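Engineer: Need coordinates for the below:
(one chain, ligands or ions: 1)
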Amino acid sequence: MNIADLYHSRISNPLLNTSYPLHPEDWGQYQTSGTLGFDGEEDVSFYIHIPFCPHLCSYCEYTRMLLPTKELQQQYLDTLKTDILRFKAEHPHLTLKGFDIGGGTPTALNDDCFSTLLHLYDEATNGQTLATDFEPSIESTVGMLSTTKLEAIAQHGIRRVSLGLQSTSAPLLHEHRRREATTEELALVIDHAHDAGIKKVNIDLMYGLQHQTLESLMADLDVIQHVHPEQVTLYELRTNMTRQKPTHTADWLFEAYSLLFDRLTDLGYHAQFGQNTFSVSPNDQGLSSYLRHRMLQGGCYKGFGLSAQSMSHEGVAYNKGKNLNNIAPLLASNTFEGGHTYRLPPQELCSKYIAIAGYGGRFSLRHASVLLGRDAQEYFHSQITFCLQENLLSCSKNDTLSITPKGFRHHGAVFSLFYLP
Ligand code: SF4
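Structural biologist: Take a look at the predicted model:
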């Protein structure tokens, strides 16, 4: 099939988004035993996954479970500590580019356990060389972030907090088994965060939820205008890993994103059309340094915790625990390592990078070349020629390919030309 036919055959496939691979079995031939090696790496970002939540939202695609007892929370942190200290001992000379603590809802941990988590963050970073733009971040939700926890976060040197808001519509959220946060609650948390010393608050919003309307999205942005966080991240609903079916057309999603983009940029946020992160600063891309390193530069990362993902130049690995309901038996083994490891050829590593870079609406041919081990401009010659001719992508500085407004309408079809050739 030629590139044009391939593109047209993909424009109505909702599975084509930032997920890669599309199905775990696509990597079956690369699966191997043992853990993923990081030998030869110089830079890495760390990620800690805390899978616990006070409720389970129906649209959520992440590995999460209801908050267990304090004893199990503590055991979870003990297991994390074992894995982190082992990795540090085996890789003493890495430079840490970023560090995200996500989930789940890390701040849902009981106060004592949350304090243990922050000390674990200290242990993970102590003695490490930190990149000059190192900017750690932690995820939370409005009802799960006390002033005490905010102060502790800042005291441990984490100055970015990302709040999952998703929507401000109470009926819409209730339909998805989630409680809404009022504008007043949100404003108060942001004020307390700033008072505690947090420099950047990000708010996550989603579009494409079942029964969501353009009017409700505009109401979300009225709230953003009121509380004015430093960063806003837009997530298009992905249904690859959930039981939900997409309910909005590609045209509706395009219109929704366009409205959100126009309004956010009117409010003074910086972003390039097609990018999902918006920032009041033109310099930080709206991202933690973990995400900058992983999404924009294809950098390697090490994930700790239940089903956390890692990537090095050897391949990609997932820790144990995907779709687990009872965590106790796994904690008895005192490690999350040993899930699935895939030793990937360069093309697959590059595919993974391009798929995830789709969040930013662009990817770098230079970084793609590093992962491929050859010149990406030459390797992707036919895809690049087609996309530039059709005005689906534009090329800046001969290195970065960015989605155009025309391309964004079917961005999954455009980017997938580079990872499912
Ligand atoms: S969306 Fe957030 S709060 Fe809801 S289940 Fe997923 S991780 Fe938990």
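
Engineer: Next, count neighbours for residue 127.
Structural biologist: Under the neighbour criterion other C-beta atoms under 10 Å, residue 127 is assigned a count of 8. The C-beta positions use only the backbone N, C-alpha and C, and glycine is treated the same way.

Engineer: who are the neighbours in contact with it?
Structural biologist: Contacts for residue 127 were tallied using C-beta atoms under 8 Å, 6 or more residues apart in numbering; they are 88, 92.

Engineer: three-state assignment of it?
Structural biologist: Three states are possible here, and by DSSP: H, G, I helix; E, B strand; the rest coil the one that applies to residue 127 is coil.

Engineer: how close does it sit to residue 92?
Structural biologist: Applying C-beta to C-beta, to the nearest Å, one obtains 8 Å for the distance of residue 127 from residue 92.

Engineer: next one: residue 59
Structural biologist: With C-beta to C-beta as the criterion, residue 59 and residue 92 are 41 Å apart.

Engineer: more crowded one of the two?
Structural biologist: When residue 59 is set against residue 92 and neighbours are counted by other C-beta under 10 Å, the residue ahead is residue 59, at 22 against 8.

Engineer: That one contacts residue 211, correct?
Structural biologist: No - the pair residue 59 and residue 211 does not pass the contact test of C-beta atoms under 8 Å, sitting 11.4 Å apart.

Engineer: Next, count neighbours for the closest residue to residue 292 other than its chain neighbours.
Structural biologist: Once its chain neighbours are removed from consideration, residue 292 has its nearest residue in residue 285; the separation is 6.0 Å (C-beta to C-beta, 6 or more residues apart in numbering). Taking other C-beta under 10 Å as the neighbour definition, residue 285 ends up with a count of 21.

Engineer: What of the one 3 residues further on?
Structural biologist: Summarising burial for residue 288: neighbours were counted as other C-beta under 10 Å, giving 29.

Engineer: Return the residues in contact with it.
Structural biologist: By C-beta under 8 Å, 6+ apart, residue 288 lies in contact with 98, 100, 135-137, 160, 162.

Engineer: same question, residue 199
Structural biologist: The neighbourhood of residue 199, defined by C-beta under 8 Å, 6+ apart, consists of 159-160, 230.

Engineer: Output the residues you listed in a markdown table, with neighbour count and secondary structure appended to each entry.
Structural biologist: Converted to a markdown table, the contacts of residue 199 look like this (neighbours: other C-beta atoms under 10 Å; DSSP: H, G, I helix; E, B strand; the rest coil):
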| residue | neighbour count | secondary structure |
| --- | --- | --- |
| 159 | 17 | coil |
| 160 | 23 | strand |
| 230 | 22 | coil |
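
Engineer: Got the domain ranges for this protein?
Structural biologist: The record's domain parsing of the chain by automatic domain parsing lists 1-31+347-353+362-421, 43-294.

Engineer: Go through those and name the closest to the ligand.
Structural biologist: Closest to the ligand of the domains of the chain, according to C-beta to the nearest ligand atom: domain 43-294, at 3.0 Å.

Engineer: tell me how far the ends of the closest one are from each other?
Structural biologist: Distance between the boundary residues of domain 43-294 (C-alpha to C-alpha, to the nearest Å) amounts to 11 Å.

Engineer: Is the ligand within reach of it?
Structural biologist: Yes - Domain 43-294 reaches the ligand (C-beta under 6 Å from any ligand atom) through 53, 56-57, 60, 62, 64, 103-105, 141, 164, 178.

Engineer: of the residues you listed, buried ones?
Structural biologist: 53, 57, 60, 64, 103-105, 141, 164, 178 (16 or more other C-beta atoms under 10 Å).

Engineer: what comes up buried for stretch 146-157?
Structural biologist: Buried residues in stretch 146-157, counting neighbours by 16+ other C-beta under 10 Å, are found at 149-154, 156.

Engineer: what bits of the protein have low per-residue confidence?
Structural biologist: Low-confidence segments of the chain, defined by pLDDT under 70: 241-244.

Engineer: If we use 50, what do you get?
Structural biologist: Confidence mapping of the chain against pLDDT under 50 gives zero matching residues.

Engineer: Looking at it, which helix is longest?
Structural biologist: Among the elements of type helix in the chain, defined by DSSP state H, the one spanning the most residues is helix 70-90.

Engineer: Please work out which residue of the stretch 251-400 of the chain is closest to the ligand.
Structural biologist: Checked against the ligand (C-beta to the nearest ligand atom), the nearest residue in the stretch 251-400 of the chain is residue 306, 12.2 Å away.

Engineer: Now do that residue: how many residues are near it, please.
Structural biologist: Around residue 306 sit 28 other residues, with neighbours defined as other C-beta under 10 Å.

Engineer: And residue 95, by the same measure?
Structural biologist: With neighbours defined by other C-beta under 10 Å, the count for residue 95 comes to 15.

Engineer: returning to what we had before: got the residues of domain 43-294 next to the ligand as a markdown table, with distance to residue 368 and secondary structure columns?
Structural biologist: Putting the residues of domain 43-294 next to the ligand into a markdown table (distance: C-beta to C-beta, whole Å; DSSP: H, G, I helix; E, B strand; the rest coil) gives the following:
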| residue | distance to residue 368 | secondary structure |
| --- | --- | --- |
| 53 | 36 | strand |
| 56 | 37 | coil |
| 57 | 34 | coil |
| 60 | 31 | coil |
| 62 | 27 | coil |
| 64 | 32 | coil |
| 103 | 30 | strand |
| 104 | 31 | coil |
| 105 | 34 | coil |
| 141 | 35 | coil |
| 164 | 31 | strand |
| 178 | 37 | coil |
